[in-house]
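*Asks:* coordinates only, no sequence provided:
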């Protein structure tokens, strides 16, 4: 048994190494209305520097001063004082500033009764770690923030006001600045707070009047998932501020009532160092509703809406069921490591600069009715303990996930935390430990915290695993993997695709890019069961291998007349691996000195587009900005 002192030292060391190290990027037709089409997709440059560690992520680690008495004229006003809609841009105007400075910034805080002053009692938690500063800055972390200098007229004081006259002349002149914030319905009221001194030396200056949402109980962010291989049922999951059951009305007059659940701070993980999810990153998730639409037909279009007469209804939305297992043709999209990009110029604790362009490109494909399903393989929202960001992620993917089956695999940023039962003891989930992920994305798994499953669509059997749960040879998950893949009827579903988060093959040599123990345990199963294609994320670029086993090419593809690599699996030799973690997080550079098994390496944002028939599995890496196909390969039988 470890001593209490050693446990404390271990936790502090792990936190300092993993959480404070900025280089740890890899471990760490009725379409719903959306501002996605109202903003440009090229916001990556704006947010590129806020992917990993930024000053904003550390504001709760700073001593807070109060400057309000020295700024008697300051007022913070919001354009929507009468109530916020579910999705809008609000203008926050700061007036009465005597001297504009570079370090003036505005934070959006929710709920508004959160303490925006020094939270003295919480300092006791940090004493356990040897941190004696007056911490944290806020009892509740801001959802987002912007520097007032984002208003190009602010620092020059172009917009002036006279606050005091003397002898007919203005003796006191103040300056004004305005910012636009994208706000979505997160159910609790919000407040905008003005600070000076930048993120490193924050000083509270003034606060707005709190403003709430017009309908905090509104049903929102509906997303679909498959429950089995028949495609005769689809699960719809959505979020509301209402705990009473609601309904889904779909098809020709069918109605189904929702089951309702939620989670609390008590469900979050923590350690000697309080996790964001347990402490300053918590935000009430409201109530998560889920309902099963039954009696459907595969490969068929339907419409639905969800809600109730008491809290309002969603719009009427069209969706399509995927093809049933055993049928001929499937078109799916897959990617990992997406997260979300702000639709305004805000800084957040964690930003994935490419997410917006990628989801817009996928939404365009879905709108053409040319996509049957989506597979998002780990690192889903990157909320990592800052719970309000799950709402922003669900809002971002809604144009896609509300129309086709949106299947997921768990990643390190959903599950890993110290002493929580995860394979890896990094604090990557921020204390979430898989609870929000499994609540928002109920997959067809056998039990809670066993997030592995398989599903068949058309000619493909998908085996989806968790690289974050025990996969060793004597584990429950290993036994399941072995049984699942051995039971595949290749006459029924010729293709076997294996999915998880952490890769076996990557040219990226960063910390935790790959785990030799995982490879040694699981790779033989892939070969024994003649897995055709292996898809992983975690490393933030695109990479494709030869038919590889134990770091050696067992077969090489042959190029056709169009230069497309063809893998002949009539004479099966080994799986083809592809890393597809390029859907949002800041990209990892590709290696110029890769091993011989690495055939293609691309560091651009995008996604994998797949088209499976019974004889061919065609795959393309599509860049999100230009829609250009940068890599094509085909596996044949």
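*Replies:* Sure, I can see it. Just so it is clear, the model here is predicted, and its values are computed rather than measured.

*Asks:* report all helices and strands that the biggest strand by length in the chain contacts.
*Replies:* Using DSSP state E, we find that the single longest strand of the chain is strand 169-184. Contact here means 3 or more Cβ pairs under 8 Å, 6 or more residues apart in numbering; DSSP states H and E; on that basis strand 169-184 packs against strand 87-97, strand 105-109, strand 144-147, strand 160-166, helix 388-401. All C-beta atoms are positioned from the backbone trio N, CA, C, and that covers glycine.

*Asks:* okay, these in JSON lines with distance to residue 629 and mean neighbour count next?
*Replies:* Shown next, in JSON lines, are the helices and strands packed on strand 169-184 (distance: least, Cβ to Cβ, whole Å; neighbours: other Cβ atoms under 10 Å):
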{"stretch": "strand 87-97", "distance to residue 629": "33", "mean neighbour count": "19"}
{"stretch": "strand 105-109", "distance to residue 629": "39", "mean neighbour count": "25"}
{"stretch": "strand 144-147", "distance to residue 629": "35", "mean neighbour count": "22"}
{"stretch": "strand 160-166", "distance to residue 629": "54", "mean neighbour count": "11"}
{"stretch": "helix 388-401", "distance to residue 629": "20", "mean neighbour count": "25"}
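
*Asks:* and the ones you listed as a markdown table, adding mean pLDDT?
*Replies:* Putting the helices and strands packed on strand 169-184 into a markdown table (pLDDT from 0 to 100) gives the following:
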| stretch | mean pLDDT |
| --- | --- |
| strand 87-97 | 97 |
| strand 105-109 | 95 |
| strand 144-147 | 94 |
| strand 160-166 | 91 |
| helix 388-401 | 98 |
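
*Asks:* what angle separates the longest strand of the chain from strand 105-109?
*Replies:* Relative orientation of strand 169-184 versus strand 105-109 (axes from the mean of the first three to the mean of the last three Cα atoms, to 10 degrees): 40 degrees.

*Asks:* quick one on the thing from earlier: tabulate the helices and strands packed on strand 169-184 (a markdown table), appending distance to residue 474.
*Replies:* A markdown table is the format used below for the helices and strands packed on strand 169-184 (distance: least, Cβ to Cβ, whole Å):
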| stretch | distance to residue 474 |
| --- | --- |
| strand 87-97 | 49 |
| strand 105-109 | 48 |
| strand 144-147 | 45 |
| strand 160-166 | 72 |
| helix 388-401 | 34 |
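
*Asks:* I'd like to know which of these is closest to residue 236.
*Replies:* Distance to residue 236, taken as Cβ to Cβ, is lowest for helix 388-401 among the helices and strands packed on strand 169-184, at 10.0 Å.

*Asks:* where do the strands sit along the stretch 201-350 of the chain?
*Replies:* Secondary structure of the stretch 201-350 of the chain (DSSP state E, counting those that start in this stretch): strands at 203-207, 220-226, 234-240, 247-250, 254-257, 259-261, 287-293, 301-308, 312-313, 317-320, 330-335.

*Asks:* list the contacts for residue 225?
*Replies:* If a contact means Cβ atoms under 8 Å, 6 or more residues apart in numbering, then residue 225 has 234, 235, 237, 405, 406, 407, 408, 441, 442, 443 as its contacts.

*Asks:* 7 Å instead?
*Replies:* By Cβ atoms under 7 Å, 6 or more residues apart in numbering, residue 225 lies in contact with 235, 405, 406, 407, 441, 442, 443.

*Asks:* bridging residues for it?
*Replies:* residue 235 (DSSP bridges).

*Asks:* just the pLDDT for it.
*Replies:* Looking at residue 225, its pLDDT is 98.

*Asks:* from residue 518, how far out is it?
*Replies:* According to Cβ to Cβ, to the nearest Å, residue 225 and residue 518 sit 26 Å apart.

*Asks:* check residue 239 too.
*Replies:* Here residue 239 is placed at a distance of 34 Å from residue 518 (Cβ to Cβ).

*Asks:* higher neighbour count, the two?
*Replies:* Applying other Cβ atoms under 10 Å to residue 239 and residue 518 shows that residue 239 carries more neighbours, namely 26 against 17.

*Asks:* any weak-confidence spans in the protein?
*Replies:* Scanning the chain for pLDDT under 70 picks out the ranges 1-54, 57-58, 60-63, 113-140, 511.

*Asks:* tell me which residue is most central in it.
*Replies:* residue 381 (1.4 Å; Cα atoms, centre = their mean).

*Asks:* distance check, that one against residue 350.
*Replies:* Plainly put, residue 381 is 9 Å away from residue 350 if you go by Cβ to Cβ.

*Asks:* tell me, how many residues neighbour the residue nearest to residue 564 when sequence neighbours are not counted?
*Replies:* Leaving out its chain neighbours, the residue that sits closest to residue 564 by Cβ to Cβ, 6 or more residues apart in numbering is residue 632, at 4.5 Å. Other residues within reach of residue 632 by the criterion other Cβ under 10 Å amount to 18.

*Asks:* for residue 632, helix, strand, or coil?
*Replies:* strand (DSSP: H, G, I helix; E, B strand; the rest coil).

*Asks:* is it true that it touches residue 566?
*Replies:* No: in this structure, residue 632 is not within contact of residue 566 by Cβ atoms under 7 Å, at 9.9 Å.

*Asks:* which residues are contacting the helix or strand harbouring residue 374?
*Replies:* Here residue 374 sits within strand 373-377, counting by DSSP states H and E. Contacts to strand 373-377, defined as Cβ under 7 Å, 6+ apart, come from residues 322, 332-336, 338, 400, 404-409, 457, 499-501, 535-537.

*Asks:* and the angle from it to strand 220-226?
*Replies:* 100 degrees.

*Asks:* each with direction, which strands does strand 373-377 pair with?
*Replies:* Using DSSP bridges, strand 373-377 pairs in its sheet with strand 330-335 (parallel), strand 405-409 (parallel).

*Asks:* relative to the whole chain's centre, how far out is stretch 420-427?
*Replies:* 19 Å (Cα atoms, centre = their mean, to the nearest Å).

*Asks:* how long is that stretch from one end to the other?
*Replies:* One end of stretch 420-427 sits 10 Å from the other (Cα to Cα, to the nearest Å).

*Asks:* buried residues, it. List them.
*Replies:* For stretch 420-427, the neighbour count (16 or more other Cβ atoms under 10 Å) marks 420, 422, 423, 424, 425, 426, 427 as buried.

*Asks:* and the fifth one, how far from residue 437?
*Replies:* When you say that, I think you mean residue 425. Distance from residue 425 to residue 437, by Cβ to Cβ: 18 Å.

*Asks:* ok so, going back, ramachandran angles for the residue nearest to the centre of the chain?
*Replies:* phi -100, psi -20 (degrees, to the nearest 10).

*Asks:* residue 390 is in contact with that one, correct?
*Replies:* Yes: contact criterion Cβ under 7 Å: residue 381 and residue 390 qualify, at 5.3 Å.

*Asks:* which neighbours do the two have in common?
*Replies:* Listed as contacting both residue 381 and residue 390 by Cβ under 7 Å, 6+ apart is no residue at all.

*Asks:* quick check: phi and psi at residue 518.
*Replies:* Backbone torsions of residue 518, given as degrees, to the nearest 10, read phi -60, psi -40.

*Asks:* could you find the closest non-adjacent residue to it?
*Replies:* The spatial neighbour of residue 518 that comes closest, neighbours along the chain excluded (Cβ to Cβ, 6+ apart), is residue 471 at 6.0 Å.

*Asks:* backbone phi and psi for that neighbour, please?
*Replies:* Dihedral pair for residue 471: phi -120, psi 10, per degrees, to the nearest 10.

*Asks:* and it, how many neighbours does it have?
*Replies:* Residues lying near residue 471 (other Cβ under 10 Å) number 24.

*Asks:* residue 214 too?
*Replies:* Counted with other Cβ under 10 Å, residues neighbouring residue 214 total 13.

*Asks:* that one contacts residue 85, doesn't it?
*Replies:* Yes: using Cβ under 7 Å, residue 214 makes contact with residue 85 at a distance of 6.1 Å.

*Asks:* about what we covered before: so the longest strand of the chain versus helix 388-401, what angle?
*Replies:* For strand 169-184 against helix 388-401, the angle by the same axes, to 10 degrees is 60 degrees.

*Asks:* so what touches strand 169-184?
*Replies:* Residues outside strand 169-184 that contact it (Cβ under 7 Å, 6+ apart): 35, 73, 84, 86-98, 100, 106, 108, 146, 148, 150-151, 154, 157, 159-165, 190, 342-344, 346, 391-392, 395.
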